[in-house]
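Engineer: okay, here's the prediction I keep looking at, along with the sequence it came from:
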Amino acid sequence: MTKLPDAEGRLVHRYGLTREVRRLGRRLELRAVSLIPEHLNRAEGYRAALAVAVPLILAIATGHVAWGWAVYAAFWTCLCDTPGPDRLRRRLLAIFMASGTAIVLIGSWAAWLVPQGSLLIGPLLVFIATLCAARLPFGGLVGTLSAVVAVVAVGFPHPLTMAVPLAMAFLVGAAWSYLLMTVFWRIDAYDPLRRAGRAVSARLSDMAEYLAELGDGPHRDARWHGDHAEHRRAVRLAIERFREVLIRYEGEASGLVTAARRDIAAAEAMFGVLLALDQACIDRWGPAGERAALANACRRVVAGGGLLSGAAMAEARGTLQGLRANLTQDVFWGCAAALEGVLDMLSDPNAAPVVDPAPGGGAAPPADRSLAMVSQGLRQAGGVVGVYLASAAFGLGYPYWAAMAVIVVLQGDVRVTWSRCLERIAGSLLGGALALALPLLGGGAIVPALAAVALAAVTMALRSVNYTVFVMFLTTLFVLVTDMLHPAIGIASARIVDNVIGSIAAMLAVFAFRPDFGLPLPRRIAAGIAANRRYGEAVTQGEPSAVIEATRRAAGRASVDAEIALHDLGGWLHRLTHRQADVAALQDMRNLAGRAAMAWHARMADPRRGGDVTRTVT
């Protein structure tokens, strides 16, 4: 793949710790848990540390606890910075800054005006924030963080004379972060595209490396195992994440966007080659030496990509042509030809393949989308009500922490909410334990302040790597800052309890308010098998390459969906009685895809059946 210029001046190494983390990530992805080491962003972490340090020093120096809102606002604004072009980022950050200030003022004052007003004001503000943000393009994060601000503001009821300073402190902290991110310390807006592209390259390389090292040995996927088809799933998910990032840049007149679109087309072509080789290894098709040679060639193309000089590109093309001349199987000849087509594509800066950047099957109809927005707002508001009632029953000291957990965990999809619930609980337990250990460092007031700044950096740098790790450091950070600004006993344990209760409330709210369970596991498996059969039929019936690519992508998404469903909450219950039938069907589903890929590349080897390499790749 083309390697976009790296803002940090280095590439992610395929070996060592990063490779082992990706291996763990492949296992976690099967359980709807993301672990993406390529998304570690040190620059964002350093910037967040500075954003938090300035208002934290101001709060400590002045002794006014109201400035604590500036600390939280600075950090929340950093969190609100979403991938996308500068104009999109500035717009969303400005909306959050303005809406957050208004929410702090209204929430704090209204909660003071109305006795027991949190039970009414908090859920109402959460519903409004969720509904309004859903109408913003890519405004989901703005809505989530605005709802978080709402429940925290309601947790600090004050008369107007005191609510105004809180709102102004929030505005100062948010404005400082906004200026830091958009003026003083700008990070390249296209960096998320680079990272998403590197993640795809790394997973393609991992798959090629496994096949190259396999030799004539048995493939793991010849028999069912717990991580069956892990490399296929990892590559497909990485490509789809790349598409989800790319769609945010549509309409941008930038060569980097064109290069990213070309990268996706190249990745799809190389993935097709690896699918065919993967199935050939499972079925022991053809000479093992030819399979290994092709896998090594694919690995070199992935590793070099656009970094290859003109001479190196010509050498790689010559190697593939020489290899193709000695191949004995049509499937392998077609794989070599497809890799040559990838090199042609990557070496032509003017090539602009038509690639659908959308991660799904198009936008929902307006009526359905409006209903979904209202349903999600009701879920969020209902979950917050449940938390407030639980807080009153159990005497929780920080009910807004539990309400925050509801907002960030609660999603429309049961599967996502279930996994986030478990991750949030695990992260809270680990973070609370770490917060309990920090006082052992001693050092007076300076050590907690330095620790908070460092934690802000680590938390922000890891926010897109893994949610559990993010929550762990976030929990420690919030406990530390709260203890500095509002000293009390048992803050860490209260944070743990509140997060656990909030996560459970979020799960209950999903079940209570129009739950979206999706298709049951047997129907997901059947849909995956049908999608893979359509892919095979498109190949055997001689459909155009664009149709074949579309059916292969649809088959891959359906396969991933079925395999992950086997391990979610509904899948666990179903497997108690149907496990053997399920795993056999899933293995057949993956074999259908692999054999269709083999047939597609064998078709490339026969010019009389449309073996124009350039046309089949692009």
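Structural biologist: Received it, and whenever you're ready, just let me know what you need. Predicted model only: the values in this text are computed from it and were never measured. Numbers count the residues shown, from 1 in each chain.
Engineer: where does the prediction get shaky in this structure?
Structural biologist: By pLDDT under 70, the low-scoring segments of the chain are 1-17, 304-313, 348-370, 412-413, 439-445, 487-492, 510, 513-518, 569-581, 606-618.
Engineer: so what are the domain limits for it?
Structural biologist: Listed by automatic domain parsing, the domain ranges of the chain are 1-30+190-362+518-618, 37-188+363-512.
Engineer: and the shortest one, how far apart are its ends?
Structural biologist: Meaning domain 37-188+363-512. 36 Å (Cα to Cα, to the nearest Å).
Engineer: check which residues of stretch 97-104 are buried.
Structural biologist: Residues 97, 99-104 are the ones in stretch 97-104 that count as buried (16 or more other Cβ atoms under 10 Å). Heads up, the C-betas are built off the backbone N, CA and C, glycines and all.
Engineer: which of those lies closest to residue 379?
Structural biologist: Checking the buried residues of stretch 97-104 against residue 379 with Cβ to Cβ, the nearest one is residue 103 at 19.3 Å.
Engineer: how close does the closest one get to residue 167?
Structural biologist: Distance of residue 103 to residue 167, given as Cβ to Cβ, to the nearest Å: 9 Å.
Engineer: residue 454 now?
Structural biologist: Taken as Cβ to Cβ, the span from residue 454 to residue 167 is 29 Å.
Engineer: for residue 557, same thing?
Structural biologist: The gap separating residue 557 from residue 167 is 45 Å, by Cβ to Cβ.
Engineer: so for those two, which sits in the more crowded spot?
Structural biologist: Between residue 557 and residue 167, counted using other Cβ atoms under 10 Å, residue 167 has the larger neighbour count: 23 against 19.
Engineer: helix/strand/coil for the more buried one?
Structural biologist: helix (DSSP: H, G, I helix; E, B strand; the rest coil).
Engineer: for stretch 467-486, which positions count as buried?
Structural biologist: Here stretch 467-486 shows 467-485 as buried, counting by 16+ other Cβ under 10 Å.
Engineer: restrict it to CA atoms and write it as CSV.
Structural biologist: Taking C-alpha atoms only, stretch 467-486 is exported to CSV below (Å, rounded to 0.1, in the frame of the first residue of the first chain):
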residue,chain,number,x,y,z
TYR,A,467,-11.4,1.4,25.7
THR,A,468,-10.6,-0.6,28.9
VAL,A,469,-7.1,0.9,29.1
PHE,A,470,-8.5,4.4,28.3
VAL,A,471,-11.1,4.0,31.2
MET,A,472,-8.4,2.8,33.6
PHE,A,473,-6.3,5.9,33.2
LEU,A,474,-9.3,8.2,32.9
THR,A,475,-10.6,6.9,36.2
THR,A,476,-7.3,7.5,37.9
LEU,A,477,-7.1,11.0,36.4
PHE,A,478,-10.6,12.0,37.6
VAL,A,479,-10.1,10.6,41.0
LEU,A,480,-6.9,12.5,41.4
VAL,A,481,-8.2,15.8,40.1
THR,A,482,-11.4,15.5,42.3
ASP,A,483,-9.3,14.7,45.4
MET,A,484,-7.2,17.8,44.7
LEU,A,485,-10.1,20.2,44.2
HIS,A,486,-12.7,18.6,46.4
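Engineer: what about that stretch, distance to the chain center?
Structural biologist: Its chain's C-alpha centre and that of stretch 467-486 lie 22 Å apart, by Cα atoms, centre = their mean, to the nearest Å.
Engineer: okay, and residue 238 sits in which element?
Structural biologist: helix 230-246 (DSSP states H and E).
Engineer: repeat that for residue 156.
Structural biologist: Assigned by DSSP H and E, residue 156 falls outside every helix and strand.
Engineer: what's the nearest residue to it if we skip its chain neighbours?
Structural biologist: residue 108 (5.4 Å; Cβ to Cβ, 6 or more residues apart in numbering).
Engineer: the strands in the stretch 351-500 of the chain, which residues?
Structural biologist: Taking DSSP state E, counting those that start in this stretch as the criterion, the stretch 351-500 of the chain carries no strands.
Engineer: helices along that one, start to end?
Structural biologist: 366-394, 399-409, 414-437, 446-461, 467-485, 491-512 (DSSP state H, counting those that start in this stretch).
Engineer: and the stretch 201-350 of the chain, by the same measure?
Structural biologist: Applying DSSP H, counting those that start in this stretch to the stretch 201-350 of the chain gives helices spanning 230-246, 255-283, 288-304, 310-325, 330-347.
Engineer: which of those helices sits closest to residue 565?
Structural biologist: Using Cβ to Cβ, those put helix 230-246 closest to residue 565, at 12.5 Å.
Engineer: buried residues in the closest one?
Structural biologist: 230-243, 245-246.
Engineer: how far off helix 255-283 does that helix point, in degrees?
Structural biologist: 170 degrees (axes from the mean of the first three to the mean of the last three Cα atoms, to 10 degrees).
Engineer: tell me what helix 230-246 is packed against?
Structural biologist: Contact partners of helix 230-246 among helices and strands, from 3 or more Cβ pairs under 8 Å, 6 or more residues apart in numbering; DSSP states H and E: helix 16-29, helix 191-214, helix 255-283, helix 545-565.
Engineer: thank you kindly, that will do.
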